[in-house]
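Q: What would the 3D arrangement of this be:
(one chain, ligands or ions: 2)
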Amino acid sequence: MIVALTGTPGTGKSSAAQYLTRAGWDILEVNELASRHGILRSKDPLRDSFEVDPDELQGALASEDYRHGILVGHLSHLLEADLVVVLRCHPDELARRLRERGWPEAKVRENALAEALDIILAEAMENDVPVYEVNTTELSPELTAKAVAEILAGEKEKYAVGNIDWSEEALRWS
Ligand SMILES: Nc1ncnc2c1ncn2[C@@H]1O[C@H](COP(=O)(O)OP(=O)(O)O)[C@@H](O)[C@H]1O
Ligand SMILES: [Mg+2]
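A: Numbers count the residues shown, from 1 in each chain. Ligands and ions are numbered 1, 2, ... in the order given. Below you'll find the predicted structure:
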């Protein structure tokens, strides 16, 4: 089974993944996959991000014979997976985490707004694959990993999509 662990930057994907590695999961960071295959395109200096063609990314994944594990990254839901977990975080807490990581205010705001608007969740729901969401706002990375593990063990209701709504926060970040 291939799982995509996605979410707005700062929701804690990589931090949670460390605990999932300890639990025995084979973790593949999508950024590393893309970089290894030389398909990170032009860097957008304003956003400090690379552009990646989703088809090229899928091709890179296909060439790696990766069949069982967790793809980690804010583009992972664009890859073929059997299940998608979207990490969520209240925009205020997300902004706090990103500022602490030293991100420029423009990028902090851009990501807080994207989170308030459910952008990644909406993208993930476009595919015909089960999607779950975990609210990490008050969870440690370890507890976030536990929640992901619960989903992978079959828990469905607790992490069903639709319980999180930060749309009222959007105006403040736009
Ligand atoms: N559950 C959490 N609670 C508080 N801070 C967190 C949590 N998860 C991650 N962080 C912090 O937020 C920042 C982003 O975490 P990271 O795991 O790199 O997110 P992502 O991989 O989703 O971009 C890091 O500084 C990290 O220490
Ligand atoms: Mg990360």
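
Q: Next to ligand 2 in this structure, residues from this protein, please.
A: 13-14 (CB under 5 Å from the ion). All C-beta spots, glycine's among them, are computed from the backbone N, C-alpha and C.

Q: could you pull out the strands for the chain?
A: 2-7, 27-29, 43-44, 49-50, 69-72, 83-88, 131-135 (DSSP state E).

Q: ok, and does stretch 54-73 reach over to ligand 1?
A: No - Stretch 54-73 lies out of reach of ligand 1 by CB under 6 Å from any ligand atom, never closer than 7.1 Å.

Q: what bits of this protein have low per-residue confidence?
A: 42-50 (pLDDT under 70).

Q: that older thread, would you turn the strands of the chain into CSV with mean neighbour count?
A: What follows is those, written out as CSV (neighbours: other CB atoms under 10 Å):
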stretch, mean neighbour count
strand 2-7, 26
strand 27-29, 19
strand 43-44, 10
strand 49-50, 15
strand 69-72, 24
strand 83-88, 24
strand 131-135, 22
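
Q: tally of neighbours for the nearest residue to His90 once chain neighbours are set aside?
A: Leaving aside its sequence neighbours, His90 sits nearest to Thr137 (CB to CB, 6 or more residues apart in numbering; 4.3 Å). Using other CB atoms under 10 Å, Thr137 has 16 other residues around it.

Q: How about Arg101?
A: A count of nearby residues for Arg101, using other CB under 10 Å, gives 11.

Q: same check, this time on Ile39
A: 17.

Q: Quick check: residues of this structure near ligand 1?
A: Residues of the chain lying near ligand 1 (CB under 6 Å from any ligand atom): 7, 9-15, 97, 100-101, 136, 139-141, 144.

Q: Which members of those residues are classed as buried?
A: Restricting the residues of the chain next to ligand 1 to buried positions leaves 7, 9-13, 15, 97, 136, 139, 141, 144, with burial counted as 16 or more other CB atoms under 10 Å.

Q: neighbours of Arg96, just the number please.
A: Using other CB under 10 Å, Arg96 is surrounded by 15 other residues.

Q: Run through the residues that contact it.
A: By CB atoms under 8 Å, 6 or more residues apart in numbering, no residues touch Arg96.

Q: Check the one 5 residues further on too.
A: If a contact means CB under 8 Å, 6+ apart, then Arg101 has Gly10 as its contacts.
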